[in-house]
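Undergrad: sharing a sequence plus its predicted fold:
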Amino acid sequence: MSRIGRQPVRIPAGVTVTVAERNKVTVTGPKGTLERELPIEMEIKVEGEEVVVTRPNDLKKMKSLHGLTRTLINNMVVGVTEGYQKVLEVNGVGYRAAKSGNKLTLNLGYSHPVEMIDPEGIESIVEGQNKITIKGISKEKVGQYAAEIRDKRRPEPYKGKGIKYADEVIRRKVGKTGKK
């Protein structure tokens, strides 16, 4: 059986999990509400203080869906209790980030500033001029928005200029060498 799929998801105090028809799971907690339609093949049951996911048979597709379904439910529970955040760093001379209202303005060496509007349910905080923190309750949306910001100017391998995740390590390359 799936090592991840067979583990029950613990429901902390203050969180309610409901399963509607067609496996529509709604998780409500102190930070908000998340809902998602999960694969209909899986059987999702709320038993007391935990959610149990079971699969109908041992086909390869069912095995992979089993672990996925359990992880998605767990991510929703963690999201409504603690929330998720990603930290991005802007590196480079003249590169900076600024925030006004829900608009994030990035100066990344282009002829124009890049403006991005925070998606619904996601908040971006700029600390100083080169640190951006993205917070939200949906792991998927936080990761997607962080990736979109990073895509505006990816870090390059020679000087390390660009937008990178705080925990990302850039593989540096050696530049040109002069003639002798």
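TA: Nice, thanks for sending it over.
Undergrad: which strands and helices sit next to the top strand by length along the chain?
TA: For the chain, the strand with the greatest residue count under DSSP state E is strand 84-91. On a contact count with 3 or more CB pairs under 8 Å, 6 or more residues apart in numbering; DSSP states H and E, strand 84-91 meets strand 131-136, helix 139-151, strand 162-165. For the C-beta atoms, the positions are set from N, CA and C on the backbone; glycine is no exception.
Undergrad: between those, which gets nearest to residue 52?
TA: helix 139-151 (21.4 Å; CB to CB).
Undergrad: show me where the protein has helices.
TA: 60-81, 139-151 (DSSP state H).
Undergrad: in a markdown table, list these along with distance to residue 4.
TA: As requested, these are exported to a markdown table (distance: least, CB to CB, whole Å):
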| stretch | distance to residue 4 |
| --- | --- |
| helix 60-81 | 4 |
| helix 139-151 | 16 |
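Undergrad: which of those helices is buried the deepest?
TA: Among the helices of the chain, helix 60-81 has the highest mean neighbour count (mean count of other CB atoms under 10 Å), at a mean of 19.
Undergrad: and the contacts of that one?
TA: The set of residues external to helix 60-81 that reach it, using CB atoms under 8 Å, 6 or more residues apart in numbering, is 1-7, 9-12, 14-15, 17, 25, 27-34, 36, 38-39, 41-42, 44, 51, 53-56, 84, 136-140.
Undergrad: partners of the longest strand of the chain, with directions?
TA: strand 131-136 (antiparallel), strand 162-165 (antiparallel) (DSSP bridges).
Undergrad: what angle sits between the longest one and helix 139-151?
TA: Read that as strand 131-136. Calculated by axes from the mean of the first three to the mean of the last three CA atoms, to 10 degrees, strand 131-136 forms an angle of 150 degrees with helix 139-151.
Undergrad: hey, C-alpha coordinates of strand 131-136 in PDB?
TA: These are the backbone C-alpha positions of strand 131-136, laid out as PDB (Å, rounded to 0.1, in the frame of the first residue of the first chain):
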ATOM      1  CA  LYS A 131      13.400  40.900  -0.500                       C
ATOM      2  CA  ILE A 132       9.900  39.800  -1.500                       C
ATOM      3  CA  THR A 133       7.700  37.500   0.700                       C
ATOM      4  CA  ILE A 134       4.700  35.900  -0.900                       C
ATOM      5  CA  LYS A 135       2.000  34.600   1.600                       C
ATOM      6  CA  GLY A 136      -1.200  32.800   1.200                       C
END
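Undergrad: may I see the buried residues of that strand?
TA: Neighbour-count burial for strand 131-136 flags 132, 134, 135, 136 (criterion: 16 or more other CB atoms under 10 Å).
Undergrad: next one: the second one, what pLDDT does it get?
TA: When you say that, I think you mean residue 134. Residue-level confidence at residue 134 comes out at 97, pLDDT.
Undergrad: having no further points to raise, I will conclude here.
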